[in-house]
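Q: pasting a predicted model and its sequence here:
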Amino acid sequence: MDAVDSAALVHWAQTQAEARGMRVIGAADDVHDRPWSHVVRIRADSGVLFAKQMFAALAHEVPVTVALARWTPDFVARVVASDASRRCLLMEDAGERLRATLERDHDIRFWNGILPLYAQIQLQAAPHAAELVALGCPDRRSPALLAAFEQLVASDELLTFAGAKSTTIDELRALRALEPRVREWCLELAGTVPETIQHDDLHDGQVFLKDGAARILDWGDANVSHPFFSLVVFERSLMYGFELPPKAPELMRLRDEYLEPFTEVVTRARIDACLPVAMRLGRLCRALTWLHVMRALPAGHEEREGVAGWLRLLLDPSLR
């Protein structure tokens, strides 16, 4: 199963459920179908299960999810079965997406208390950073992040990556000129806060609520990097979804809620000192993540332009 195969996924999931004494009821339902992953709902006599298969470029999601379920079982999906060779996961129902809650009641207060849970995942996974990389999770720790940036801007790939919406020659020159600063920023961040798992796509579609508990799912875009990189996508999603300006009080309150658990390992002064650099390099990390995904899809895929967009944000001197 090199590509995402819905029929094979359903057969695998039903076989795994039945092998564990669960009786499958009715046909499976498609829940999520994108080029990079497919999710189906399986009904069993013991409850609802969800099966997911990733395409090859995101194969690390399987062992990473299994590892996180072992280290932080209360905060991520409960894994029923996994098959790394097939890139498949079978998981218990984690509840309703936070996004559905916000569609009914568009209030940012529903994010209260969720980011500290995410911070605990990162803190508990930090001692396992090298193990996560060995499992295939992309390495975006400071030395690797710098090396990836240097390799990217040394070539002309970006000029044609998204057709007419690619990085321009002037933008590529600016990125190359930024290389010394990126090197300085990576050196400045190294050792400030323990590098760990970093979701890199944290928004209301990845948070699930059930029986008053929140869980973080979908670790396909995750990497091992500076934990605060997660704030980049998170805060931009809230700015868009709630029409908030940069550094709006609501954003800063949630940011503080997220950062507080890290005072267990470093001082708040050190956190505040490294945060602006982390917010800048987090844009680079996200660009590299999306580049990795898009390289595995056909050249004309419309979402390839996102790589150029994240790199333009890297060039933006404003540190949000």
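A: Received the coordinates, thanks.
Q: need the CA coordinates for the one helix or strand residue 148 maps to. PDB is fine.
A: Per DSSP states H and E, residue 148 falls inside helix 142-154. Taking C-alpha atoms only, helix 142-154 is exported to PDB below (Å, rounded to 0.1, in the frame of the first residue of the first chain):
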ATOM      1  CA  SER A 142      18.700  24.200  15.500                       C
ATOM      2  CA  PRO A 143      21.600  22.600  13.500                       C
ATOM      3  CA  ALA A 144      19.300  20.600  11.200                       C
ATOM      4  CA  LEU A 145      17.000  23.600  10.700                       C
ATOM      5  CA  LEU A 146      19.900  25.800   9.600                       C
ATOM      6  CA  ALA A 147      21.300  23.100   7.300                       C
ATOM      7  CA  ALA A 148      17.900  22.600   5.700                       C
ATOM      8  CA  PHE A 149      17.600  26.300   5.100                       C
ATOM      9  CA  GLU A 150      21.100  26.600   3.600                       C
ATOM     10  CA  GLN A 151      20.400  23.700   1.300                       C
ATOM     11  CA  LEU A 152      17.100  25.100   0.200                       C
ATOM     12  CA  VAL A 153      18.300  28.600  -0.800                       C
ATOM     13  CA  ALA A 154      21.400  27.300  -2.400                       C
END
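Q: which strands and helices lie in contact with it?
A: helix 169-177, helix 179-189, helix 268-295 (3 or more CB pairs under 8 Å, 6 or more residues apart in numbering; DSSP states H and E). For the C-beta atoms, the positions are set from N, CA and C on the backbone; glycine is no exception.
Q: of all those helices, which one is nearest residue 118?
A: helix 268-295 (14.6 Å; CB to CB).
Q: in the closest one, which residues are buried?
A: Residues of helix 268-295 classed as buried: 271, 274-275, 277-294 (neighbour count, 16 or more other CB atoms under 10 Å).
Q: can you give me the buried ones in the helix or strand bottoming out on mean pLDDT in the chain?
A: Using mean pLDDT, DSSP states H and E, strand 29-34 stands out as the lowest-scoring helix or strand of the chain, at a mean of 90. For strand 29-34, burial by neighbour count (16+ other CB under 10 Å) applies to no residue.
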